[in-house]
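A.B. asks: prediction below, plus the sequence it came from.
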Amino acid sequence: MKIAGKTVCVTGAAGFLGAPLCRELIARGARVIGLDNFSVGHAAKFEDIKDGLEVYTADVRDPDSLKEPISRSQVVFHLAAIDNRKICEQDPTLAFNVNIMGTSNVLSLCSGAERVVYLSSTMVYGEPKYLPIDEKHPLDGYDPYAVSKIAAEHLFRAYHFIRGIPFTIVRNTNTFGPGQGRSYLIPSLIIEGLTRGQIDVWTPGVLRDFQYVDNCIDALIRIAESAAAAGETVNLGSGLGITVGELTDIICRQLGASWVDVKKPAPVSSRLVSDISRLRALTGWEPKISLEEGLRRTIAHYRALVETDTK
Ligand SMILES: NC(=O)c1ccc[n+]([C@@H]2O[C@H](COP(=O)([O-])OP(=O)(O)OC[C@H]3O[C@@H](n4cnc5c(N)ncnc54)[C@H](O)[C@@H]3O)[C@@H](O)[C@H]2O)c1
């Protein structure tokens, strides 16, 4: 299936991943409906594509508001979620209503879709039993965010069972790039380096799989287009592990800054690297932009923001 010419709905369209996904879908010739309740995302993210995008204000907790845009879409990318883990812990009812019931509401309207692509997370695996983590790893995540993603994944299987909805579940890893909220790890390291010239690092030993946003968006579209990916669950990431200390070294080299280990305890799982061989085999996709180049582009974005802040 080619995305060009299809009507495609992106839920969570105003978010960090939703906005560039809409942009790339339009560039590849799709008719795009961007759906969001704008609780986190901003319409300003669409400024440059507003002529090609049909913006739809709707809440995934309200099935009536979803009916019209979703039932006329041939492809649905379901991204709308409470993604912030702290908010999920402070208000699990909100997290479960949006991430679980919201997913059920979306799926209940997808009977006519050719493909529904779901943005799950590698957080579903919990503390890894082995590395790199493949899709057969047990789903041991127990915090409210991870549990909401695990439950939502099961809903896809249930709706496939009762209605035959063709889906692909994508267990996405830490993604970074221009437009990400400033409180996330990479933006906060960069902004500290830009403003202080020295970065305090809490957890230099933590091992992660960081992918640049453009690689992620390219993969999502390849997944939707791939017949072989229908009914599959795939990891998406760079497939490469790097410690937070090594990552900060690269950022510091590019900024001409330095960093110190402030030795605070890590509130997060210590190691996480995705095995992306299933995604490669099913779609032929390869990440194109290196970590270093992704960081260069991300630094340029936050440098411009910091300069605007100080004007
Ligand atoms: N960014 C990452 O590194 C990453 C990693 C793994 C998985 N994911 C998943 O990918 C998806 C997109 O992530 P993101 O980084 O763009 O998150 P984001 O928080 O930037 O975007 C989520 C969007 O959903 C919208 N939204 C929230 N509640 C809604 C509701 N009730 N109805 C309609 N819209 C609602 C928000 O306004 C926001 O625009 C999420 O499902 C997230 O869990 C992201």
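C.D. replies: Everything's here; your move. Numbers count the residues shown, from 1 in each chain.

A.B. asks: going forward, measure contacts and count neighbours with C-alpha atoms only.
C.D. replies: OK.

A.B. asks: residue 35 contacts residue 55, correct?
C.D. replies: Yes: assessed by CA atoms under 8 Å, residue 35 is found in contact with residue 55 at 6.1 Å.

A.B. asks: who's more crowded, those two?
C.D. replies: Higher neighbour count among residue 35 and residue 55: residue 35, with 26 against 20, using other CA atoms under 10 Å.

A.B. asks: okay, and that one sits in which element?
C.D. replies: In this structure, residue 35 sits in strand 31-36 according to DSSP states H and E.

A.B. asks: tell me the strands beside that strand, with direction?
C.D. replies: Sheet pairing for strand 31-36, assigned by DSSP bridges, gives strand 7-11 (parallel), strand 53-57 (parallel).

A.B. asks: ok, and what's touching that strand?
C.D. replies: If you take CA atoms under 8 Å, 6 or more residues apart in numbering as the criterion, strand 31-36 is touched by 4-14, 22, 25-26, 52-59, 69, 80.

A.B. asks: you'd agree residue 180 is up against residue 16?
C.D. replies: Yes: the pair residue 180 / residue 16 is scored as a contact, 5.4 Å apart, by CA under 8 Å.

A.B. asks: okay, these two: which has more neighbours?
C.D. replies: With neighbours defined as other CA under 10 Å, residue 180 and residue 16 compare such that residue 16 has more, 21 against 18.

A.B. asks: related to what we said a few turns ago, of the contacts of strand 31-36, buried ones?
C.D. replies: Buried by 16 or more other CA atoms under 10 Å: 6-14, 22, 25-26, 52-53, 55-56, 58-59, 69, 80, out of the contacts of strand 31-36.

A.B. asks: so the helix or strand where residue 294 lies, near the ligand or not?
C.D. replies: Element membership of residue 294, judged by DSSP H and E, is helix 291-309. No: among the residues of helix 291-309, none lie within reach of the ligand under CA under 6 Å from any ligand atom; the closest is 14.0 Å away.
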